[in-house]
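**Student:** here is my input; please provide its structure:
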Amino acid sequence: MSADATPHATPAPPVRFPERGSGPSPLWAQTAELIQDEIQRRGLTAGARLPPERELGERLDISRVTLRKALAHLVDQGLVTASHGRGWFVATPVAPREWPNDLESFTTTARRKHMRPSSLVLHQELRPATLDDADRLDVPAGAPLLRLERVRLLDGVRIAVDRTLLVATLAPGLDEVDFTGASLFEELHARGVELDRSETTIEARGADRALAEHLGIDPGSPVLALDQTIYTRDQRPVLLSTVEYSGDRYRLRTTLQPR
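**Tutor:** Sure thing, here's the model as predicted:
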């Protein structure tokens, strides 16, 4: 459940903020940093209510305009969220991800961000390739494929549902691996399978009822879907993947440069 959907959040106990610095940073930026430091220092978790704006403004000796600019910055950073008429809350953890230049697994991204990855395995089985699967993976129809479907979590928070089809003969034994903690990419690497590139399509969708239940969100909530075909170094397609990320728990960043 997202932070602004918490039905009965308890106000955070009174706090004493340290003095602002006298450096060149604008007042709103200093204020945002103080609030962030206080959240971390006190170990406030998702859903914890921050003090009311009037109280925060008085403690920090700043105007409401400055305070709201600081809070808006923290919203952009995915650290706090607002609930109309109810106040400000510590946000549900978001996976801030820069789009990597290299093909990178969910597990690698999580570790790079100092977050703990885990999975709930929904399906893990061998099944024959359909005509469409066979065409996309360049294998005969009926060839064995590993079907692996997982709910992916970061620090215990449900972030995405990952549905994967893999050419089973490429890496025998994967149907017996415990993927609640194992990384598929690492298991492939251990079996001598080197992945080279991914052709990816990114699309915004609304969550259907089944996906919403897996992610703990409302049906129709926005999700970011990544459909991928992943190739080995000899340019053989070996893996089809659809990963659907909860829109309020995953942020995708990239850098664009003029040519």
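**Student:** now the strands for the stretch 151-259 of the chain?
**Tutor:** Listed in chain order, the strands of the stretch 151-259 of the chain (DSSP state E, counting those that start in this stretch) span 157-167, 195-206, 222-232, 237-246, 250-253.
**Student:** to residue 41, which of the ones you listed lies closest?
**Tutor:** In terms of Cβ to Cβ, the element of the strands of the stretch 151-259 of the chain nearest to residue 41 is strand 157-167, at 21.3 Å. Where C-beta positions appear, they are placed from N, C-alpha and C, glycine not excepted.
**Student:** what is the closest one packed up against?
**Tutor:** helix 131-137, strand 144-154, helix 209-215, strand 237-246 (3 or more Cβ pairs under 8 Å, 6 or more residues apart in numbering; DSSP states H and E).
**Student:** cutoff 6 Å now
**Tutor:** Here strand 157-167 touches strand 144-154, helix 209-215, strand 237-246, going by 3 or more Cβ pairs under 6 Å, 6 or more residues apart in numbering; DSSP states H and E.
**Student:** rewinding a little: may I see the strands of the stretch 151-259 of the chain arranged in a markdown table, with mean pLDDT as well?
**Tutor:** What follows is the strands of the stretch 151-259 of the chain, written out as a markdown table (pLDDT from 0 to 100):
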| stretch | mean pLDDT |
| --- | --- |
| strand 157-167 | 94 |
| strand 195-206 | 90 |
| strand 222-232 | 92 |
| strand 237-246 | 94 |
| strand 250-253 | 63 |
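**Student:** compare those strands and give me the one nearest residue 182.
**Tutor:** Of all the strands of the stretch 151-259 of the chain, it is strand 157-167 that lies closest to residue 182, at 12.9 Å by Cβ to Cβ.
**Student:** what pairs with the closest one, parallel or antiparallel?
**Tutor:** strand 144-154 (antiparallel), strand 237-246 (antiparallel) (DSSP bridges).
**Student:** and the first one, average pLDDT?
**Tutor:** The average pLDDT within strand 144-154 is 95.
**Student:** next one: stretch 82-93
**Tutor:** 78.
**Student:** got a markdown table for the strands of the stretch 151-259 of the chain, with distance to residue 142 too?
**Tutor:** Converted to a markdown table, these look like this (distance: least, Cβ to Cβ, whole Å):
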| stretch | distance to residue 142 |
| --- | --- |
| strand 157-167 | 13 |
| strand 195-206 | 25 |
| strand 222-232 | 20 |
| strand 237-246 | 16 |
| strand 250-253 | 36 |
